[in-house]
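Engineer: here is a sequence with its predicted model. Questions after.
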Amino acid sequence: MSKTNLKKTPLNHVHRELGGKMVDFGGWDMPVQYPAGVIEEHLATRTRAGLFDVSHMGEIFVEGTDAIRFVNRLTTNDVSKLENGQAHYSVFTNKQGGAVDDLLVYRIGPGKLLLVVNAGTTDKDWEWIQSHVDEDEDVTIRNASDEYCQIAIQGPAAQSILQTMTETDLSQIKYYWFTFGEVAGVDAIISRTGYTGEDGFEVYAASEHAEALWRQMTEAGADHGILPCGLAARNTLRLEAGMSLYGHELSDDITPLEANLGWITKFDQEEFIGREALSDLKAAGLKRKLVGFEMREPGIARDGFEVEVDGKQAGYVTSGSPAPFLKKNIGLAFVPPEFAKLGQELKINIRGKLVSAMVVPTPFYKRERSI
Amino acid sequence: MSQIPENVRYSKDHEWVSVEGDTATIGITDYAQSSLGDVVYIDFPRVGDKVAAHEAFGSVESVKAVSEIFTPIAGEVTEVNEGLNDTPESVNSDPYAEGWMVKIKMDNPGEADGLLSAVEYEEFLSANV
């Protein structure tokens, strides 16, 4: 059953050639896994290298002398702190402090920023951004999502593999910094970022070069045991790393403060949309808090399952899954702050059966950092 | 293509049944394991449980999804494959042998004859998936 109305990345035919199991992901026809399977793909990324097609993500350029001020007004993190060649994680908030989306902000220059947003929310974000441009501001925005591919190469061997394809000295790129360079003879943005909890890079280039880049990375990574990874592994990797997924830990009705993103919510800056609501929320105290938990009894918590404490409903699971590297069943859940302390017992309602879990620190998995 | 051995019977819920005397051995088909992906956990019924035909009597969980297991046959659970607690991946690698799940003493030993043959299951798969 092929749905012709689904959007395709420039690597769609490559995924099919590789035997990827294709699913509808937010309107995109994407591989959820390849024949190796989610566990092998996950472990390859933790121990060697994984290759991810993330071309479905949205790219929006903001240019003009007011670019920084403009993006600062729309996001919780402080763009004025970024230097040229630096990126940060941030959130677009609405007036109530809820998250319109989470994103990466890249500072290319004082008058040029790149915003990388989620695939399923690109159109919504584009409208949101457009609707907030003031007439007297020198700001030009451009939705370049269709012009760019994005390939993530992640894992301890990522740098060694990518280094064989570029003259750029990758060891000079720090975590959450980026540079322009050639990869396999193609003009690219090389960014030391990712969504797996591993060291690695995200490479942006013109869509027409996607296939050449993918094939060369596959070839260059063969001796390192690189594997193509689907959305299922992308999800389990980010969950082990304690990272938020929009629509789960963040949404229009969930604020970054509740989702433990206080560290990218900067109150000591100019006004931003939602600041007042977030400031009030912080002063009044949060009614719910995102916690990590691991199952203490057999059973797997899944998204949306209810959480109980002392026989009373006390929140819900936002993301739950087996953790292939940790070999535990883990999850994230919203609970009232009084039940958010480490060691707190939670009961997860798994299809009518209450199964014991315990609040544990996040991230569940932390790599040894050399960078 | 899915493996569909000829020596067992099939249900439309993608279980297979192998009959020996009055005992039915039940597992999930190659198609079912492939759809689920990497299996990590099986929630078995208890030995001694009475089950009615087409009743959900357990679940099999992969990294990505959970699926109920239905018994195509009525009877009493006499054994569960506890080895799968340590090696749930056998359901993926060898669904028709190592990956068996439950043995049932059948109330009506002729009941399995009403299930799909390999040819019928293959036709069912190509018509429905």
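Structural biologist: That came in fine, so what should we check first?

Engineer: mind checking if stretch A:319-332 is in reach of chain B?
Structural biologist: Yes: contact of stretch A:319-332 with chain B (C-beta under 8 Å from any C-beta of the partner chain) involves A:321-322, A:324, A:329. Bear in mind the C-beta positions are built from the backbone N, C-alpha and C, glycine included.

Engineer: list the buried ones in that stretch?
Structural biologist: For stretch A:319-332, the neighbour count (16 or more other C-beta atoms under 10 Å in any protein chain shown) marks A:319-325, A:329-332 as buried.

Engineer: try stretch A:63-72
Structural biologist: Quick answer for stretch A:63-72 (16+ other C-beta under 10 Å): A:63-64, A:66-68, A:70-72.

Engineer: kindly report the same for stretch A:340-350.
Structural biologist: A:340, A:344, A:346-350.

Engineer: on that earlier part again, farthest pair in the residues of stretch A:319-332 next to chain B?
Structural biologist: With C-beta to C-beta as the measure, no two of the residues of stretch A:319-332 next to chain B lie farther apart than A:324 and A:329, at 10.8 Å.

Engineer: enumerate the residues of chain A near chain B.
Structural biologist: A:21, A:32-33, A:37-39, A:232, A:236, A:298-300, A:302, A:321-322, A:324, A:329, A:351.

Engineer: mind checking which of those residues land in helices?
Structural biologist: Here DSSP state H is the test, and those give A:38-39, A:232, A:236 as lying in helices.

Engineer: out of those, who's the most crowded?
Structural biologist: Greatest neighbour count in those, by other C-beta atoms under 10 Å in any protein chain shown, goes to residue A:38: 29 neighbours.

Engineer: without its sequence neighbours, what residue ends up closest to it?
Structural biologist: In this structure, residue A:38 finds its nearest non-sequential neighbour in residue A:232, 4.1 Å apart by C-beta to C-beta, 6 or more residues apart in numbering or on different chains.

Engineer: just give the nearest non-adjacent residue to the residue most central in space within chain A, would you?
Structural biologist: Nearest residue to the geometric centre of chain A (C-alpha atoms, centre = their mean): residue A:195, 5.0 Å. Nearest residue to residue A:195, sequence neighbours excluded (C-beta to C-beta, 6+ apart): residue A:238, at 5.0 Å.

Engineer: residues touching the one you found, list them.
Structural biologist: A:195-197, A:245 (C-beta atoms under 8 Å, 6 or more residues apart in numbering or on different chains).

Engineer: contacting residues around the spatially most central residue of chain B?
Structural biologist: Nearest residue to the geometric centre of chain B (C-alpha atoms, centre = their mean): residue B:27, 2.4 Å. Residue B:27 makes contact with B:15-16, B:91, B:95-96, B:99-102, according to C-beta under 8 Å, 6+ apart.

Engineer: which of those ranks first by neighbour count?
Structural biologist: residue B:16 (28 neighbours).

Engineer: rounded mean pLDDT for stretch A:230-243, please.
Structural biologist: The average pLDDT for stretch A:230-243 rounds to 98.

Engineer: same question for stretch B:11-28.
Structural biologist: Computed over stretch B:11-28, the average pLDDT equals 96.

Engineer: which neighbouring elements make contact with the longest helix belonging to chain B?
Structural biologist: As assigned by DSSP H, the longest helix anywhere in chain B is helix B:118-128. If you count contacts as 3 or more C-beta pairs under 8 Å, 6 or more residues apart in numbering or on different chains; DSSP states H and E, helix B:118-128 packs onto strand B:9-10.

Engineer: which strands or helices does the strand it packs on pack on?
Structural biologist: strand B:15-20, helix B:118-128.

Engineer: quickly note the distance from the residue nearest to residue A:38 to residue A:238.
Structural biologist: For residue A:232, the distance to residue A:238 equals 11 Å [C-beta to C-beta, to the nearest Å].

Engineer: repeat that for residue B:31.
Structural biologist: For residue B:31, the distance to residue A:238 (C-beta to C-beta) stands at 30 Å.

Engineer: what about residue A:277, neighbour count?
Structural biologist: If we define neighbours as other C-beta under 10 Å, then residue A:277 has 17 of them.

Engineer: and what about it, helix, strand or coil?
Structural biologist: helix (DSSP: H, G, I helix; E, B strand; the rest coil).

Engineer: need the contact list for the nearest residue in space to it that is not next to it in sequence.
Structural biologist: If you skip the residues right next to it in sequence, residue A:277 has residue A:97 as its closest partner in space, 3.8 Å away by C-beta to C-beta, 6+ apart. Contact analysis of residue A:97 by C-beta under 8 Å, 6+ apart lists A:255-257, A:274, A:277-278, A:281.

Engineer: reformat those residues as a markdown table; add pLDDT and distance to residue A:57.
Structural biologist: Output for these, formatted as a markdown table (pLDDT from 0 to 100; distance: C-beta to C-beta, whole Å):
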| residue | pLDDT | distance to residue A:57 |
| --- | --- | --- |
| A:255 | 98 | 23 |
| A:256 | 98 | 19 |
| A:257 | 98 | 25 |
| A:274 | 97 | 23 |
| A:277 | 97 | 28 |
| A:278 | 98 | 26 |
| A:281 | 97 | 29 |
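
Engineer: which of those residues fall within helices?
Structural biologist: A:277-278, A:281.

Engineer: which one of the residues you listed is nearest to residue A:148?
Structural biologist: Of the ones in helices among the contacts of residue A:97, the one sitting nearest to residue A:148 (C-beta to C-beta) turns out to be residue A:278, at 31.5 Å.
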